[in-house]
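Q: after the sequence you'll find the predicted model.
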Amino acid sequence: MTFQFQGPFSSFSSSNSIITHRCTYDVFLSFRGKDTRYNFTGDLDNALHKKGINTTFIDVDDDDLETKRDEELSETLVKAIEGSRTSVVVLSRNYASSTRCLDQLVKILECKQTKGQVVLPVFWKVDPSDVRHQRKSFGKALAQLEDNTKMQSWKTALKNVANLSGWHIARGKGQESRKLKRNFETNVLDLEMSCIFDKTVVKIHPLKQD
């Protein structure tokens, strides 16, 4: 199934709560840098910035992060996610092989529950069911991390994010893929504009694409 957004002013929430805390950022981007930094996520970040939407992210594959302590990164990460109105989670082939990506996901879903944060998953050339059930690349990645004490929270987070309405961009021809990317960018822009200016809560519904 491929998910599409139902309307130009669609927002997304599993509850009826409205975000009332002050936000530093409009959108937090969670992604695996080596998979999507220089294609989908980079394009989305540029499109949002051009419309004046304030984004933030921590690229887990950035070489500069190697010099930073985990505690320092964790504090920066928490502030960035908690200070964002919306989180876009780009789930790609190598997402689950990064413990930092998995930690981001756990925190994002925590903010969804406690702060009413909007969470939009993007399944970038991966099947949502493989994310939900931790199969294929997701299962292999977690198997290599089996000794980690955070394993259950990571598995729960992957299952929960895969159960959210989102956007599935499957492998396909270049023109079709670019069209889906543009459509997603447009819908995120509409979502953010409605949150910023309308202050309304509406919903995104999954629609089956023939």
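A: The structure has been received and is ready for your questions.
Q: and the strands in the chain?
A: Secondary structure of the chain by DSSP state E: the strands cover 25-30, 55-57, 84-91, 118-124, 167-169.
Q: let me know the pLDDT of the residue nearest to residue 120 when sequence neighbours are not counted.
A: Closest residue to residue 120 apart from its sequence neighbours, by Cβ to Cβ, 6 or more residues apart in numbering: residue 88 at 4.9 Å. Using the backbone N, CA and C atoms, a C-beta is placed for each residue, glycine as well. Per-residue pLDDT puts residue 88 at 94.
Q: what pairs with residue 88 across the strands?
A: residue 29, residue 120 (DSSP bridges).
Q: and it, how many residues sit next to it?
A: Using other Cβ atoms under 10 Å, residue 88 has 27 neighbouring residues.
Q: surely it and residue 29 touch.
A: Yes: Residue 88 lies in contact with residue 29 (Cβ atoms under 8 Å); the separation is 5.4 Å.
Q: give the residues shared as contacts by these two.
A: Residues within reach of residue 88 and of residue 29 at once, by Cβ atoms under 8 Å, 6 or more residues apart in numbering, are residue 44.
Q: helices of this structure, start to end?
A: 33-36, 40-50, 70-82, 99-115, 128-132, 136-143, 151-162, 174-193 (DSSP state H).
Q: and stretch 116-126, what's its mean pLDDT?
A: The model assigns stretch 116-126 a mean pLDDT of 93.
Q: could you shift the numbering so residue one becomes 227, and keep it that way?
A: With the count now opening at 227, the last piece we talked about shows up as stretch 342-352.
Q: pull that stretch out as CSV, backbone CA atoms only.
A: The C-alpha coordinates for stretch 342-352 follow below in CSV (Å, rounded to 0.1, in the frame of the first residue of the first chain):
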residue,chain,number,x,y,z
GLY,A,342,1.2,16.0,20.9
GLN,A,343,4.0,16.2,18.3
VAL,A,344,3.0,15.5,14.8
VAL,A,345,5.0,12.5,13.4
LEU,A,346,5.1,11.7,9.7
PRO,A,347,6.9,8.5,8.6
VAL,A,348,8.3,8.1,5.1
PHE,A,349,9.1,4.6,4.0
TRP,A,350,11.9,5.3,1.6
LYS,A,351,12.3,2.2,-0.7
VAL,A,352,11.4,-0.1,2.2
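Q: and that stretch, which residues are buried?
A: Across stretch 342-352, burial judged by 16 or more other Cβ atoms under 10 Å covers 342-352.
Q: same deal with stretch 386-399?
A: Those would be 386-388, 390-395, for stretch 386-399 by 16+ other Cβ under 10 Å.
Q: could you do stretch 269-278 as well?
A: By neighbour count with 16+ other Cβ under 10 Å, stretch 269-278 contains the buried residues 269-271, 273-274.
Q: quick revisit: quick one: which of the buried residues of stretch 342-352 is nearest residue 278?
A: residue 344 (18.0 Å; Cβ to Cβ).
Q: thought the closest one was touching residue 310?
A: No: look at residue 344 against residue 310 with Cβ under 8 Å: they stay out of range, at 9.2 Å.
Q: this completes my enquiry, with thanks.
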